[in-house]
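Colleague: One predicted model, sequence on top.
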Amino acid sequence: MGLFRNQSVDPPTFLMTGIPGLEGKGLWLAIPFCAMYAAAILGNALIILAVAMVPSLHKPMYLFLSMLAVSELGVSLSTLPTVLNVFIFDAREIGMGACFAQMFFIHCFTLMDSGVLWAMAFDRFVAIYNPLQYVTILTSPRVAMMGFGIATRSIVLMAPLPILLRRLPFCGSNVLAHPYCLHPNLIRLPCADVTVNNQYGLFVVLSTFGLDSLIIILSYIMIVKTVLGIASKEGRLKALNTCVSHFCAVVIFFIPMIGVSMVHRFGRHASPLVHALMANVYLLVPPVLNPIIYSMKTKEIRKVLYKFFS
């Protein structure tokens, strides 16, 4: 148990453990997980539908919001099948091809999340720093090109990961610490040198999450500098209020990601339960909370959703 079968006969398979230490409570764990997935899928689908169907929402801010909803919907749908299999049906085995495909889509949509967040930060910066030129700078074709570039960057950077993993021999343990396939978890399993994989993974993290977070920080520095130059207190508060939803989205995306990275790199002696819980928070909490935050803080979205439900 926990060892790969002969690779000359069959391709290797992986075993997903779900939540370490809680393997016998799958049905109980399925209840909160299913509730969170339902909230994430419904909330993000409604955001996409609202922006698509209402012409008054065809503005850069809402177009970027719909892109964020698409990427978070992709993350939720990428992890949902194996989570349900593990917790409800106790089906823990997954083939190499399916595992690598899931890993690709999870990380690809997560990179899109990060890219859309920096695009939204740039949108808020332009709206506050140069409001008179906002419409001419962020035209619909430019917004579409930014979205296309973000998606292309994610696909191109993630495509080598399955290829680099596929070339390695998996002849040791095949147990994954999560109910889905993640690269940091898979990279520990090969019985060969994984230096190239680690170096490429570090390059991807620095060139995406690192660069995106730097752009977001610089955007907010410029936003704060511009807001401080506004004479009236009401004007300053109004300008800052337009950034609240985006700032909350940035916090609930990057804080769990930093926590997962810290635990992965420096918490090797931490309980497997801690690793599993951090990964689940990182992948599940942003898709659940972002639609709620934007629905509460954005009057136009709130009006459209109210019309839908009434």
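Modeller: That came through fine.
Colleague: Tell me where the stretch 151-300 of the chain has strands.
Modeller: Under the criterion DSSP state E, counting those that start in this stretch, the stretch 151-300 of the chain contains strands at 175-176.
Colleague: Low-confidence regions, the chain specifically.
Modeller: The chain contains residues with pLDDT under 70 at 1-11, 23, 264-270.
Colleague: longest helix of it?
Modeller: Secondary structure assigned by DSSP state H gives helix 96-129 as the longest helix of the chain.
Colleague: what's the distance between that one and the middle of its chain?
Modeller: Mean-position distance between helix 96-129 and its chain equals 6 Å (Cα atoms, centre = their mean, to the nearest Å).
Colleague: same check, this time on stretch 49-67
Modeller: For stretch 49-67, the separation from the chain centroid amounts to 20 Å (computed by Cα atoms, centre = their mean).
Colleague: Would you mind listing the buried residues in that stretch?
Modeller: 50-51, 54, 57, 59-67 (16 or more other Cβ atoms under 10 Å). Placement of C-beta: from N, CA and C, glycine included.
Colleague: And stretch 183-200, by the same measure?
Modeller: Using 16+ other Cβ under 10 Å as the test for burial, stretch 183-200 gives His183, Pro184, Asn185, Leu186, Ile187, Leu189, Pro190, Val194, Asn197.
Colleague: same check, this time on stretch 123-140
Modeller: Asp123, Arg124, Phe125, Val126, Ala127, Ile128, Tyr129, Tyr134, Leu138.
Colleague: burial count for the closest residue to the second one other than its chain neighbours?
Modeller: Residue nearest to Arg124 in three dimensions, not counting chain neighbours: Cys243, with 5.1 Å by Cβ to Cβ, 6 or more residues apart in numbering. Cys243 has 21 neighbours, counted by other Cβ atoms under 10 Å.
Colleague: Any idea which residue is closest to the centre of this structure?
Modeller: By Cα atoms, centre = their mean, the chain has its centre lying nearest to Thr110, at 3.2 Å.
Colleague: My guess is it contacts Ser78. True?
Modeller: No - counting by Cβ atoms under 8 Å, Ser78 is not a contact partner of Thr110; they are 9.2 Å apart.
Colleague: Adding distance to Ser154 as columns, could you present the buried residues of stretch 183-200 in TSV?
Modeller: Listed next are these as TSV, based on distance: Cβ to Cβ, whole Å:
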residue	distance to Ser154
His183	14
Pro184	17
Asn185	20
Leu186	18
Ile187	19
Leu189	24
Pro190	24
Val194	22
Asn197	18
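Colleague: Could you single out the nearest of these to Val86?
Modeller: Taking Cβ to Cβ as the measure, Val86 sits nearest to Asn185 out of the buried residues of stretch 183-200, at 14.0 Å.
Colleague: these two touch, right, the closest one and Leu176?
Modeller: Yes - contact criterion Cβ under 8 Å: Asn185 and Leu176 qualify, at 5.2 Å.
Colleague: ok, now how distant is the residue of the chain positioned farthest from its centre from Lys25?
Modeller: In the chain, counting by Cα atoms, centre = their mean, Ala231 sits farthest out from the average C-alpha position, at 38.1 Å. Per Cβ to Cβ, to the nearest Å, Ala231 is found 59 Å from Lys25.
Colleague: now do the same end-to-end measure for stretch 160-179.
Modeller: 23 Å (Cα to Cα, to the nearest Å).
Colleague: Mind listing what's buried along it?
Modeller: Leu161, Pro162, Leu164, Leu165, Leu168, Phe170, Asn174, Val175, Leu176, Ala177, His178, Pro179.
Colleague: Nearest to Ser219, out of these: which one, please.
Modeller: Taking Cβ to Cβ as the measure, Leu161 is the one of those closest to Ser219, at 28.9 Å.
Colleague: need the contact list for the residue lying closest to that closest one once chain neighbours are set aside.
Modeller: Distance criterion Cβ to Cβ, 6+ apart; nearest residue to Leu161, sequence neighbours excluded, is His183 at 5.8 Å. If you count contacts by Cβ atoms under 8 Å, 6 or more residues apart in numbering, His183 has them with Met103, His107, Leu161, Leu165, Gly201.
Colleague: neighbours of the second one, just the number please.
Modeller: So that's His107. Neighbourhood size, His107 [other Cβ under 10 Å]: 23.
Colleague: let's have the chain start at 28 instead
Modeller: Sure thing, new numbering starts at 28, so read that last one as His134.
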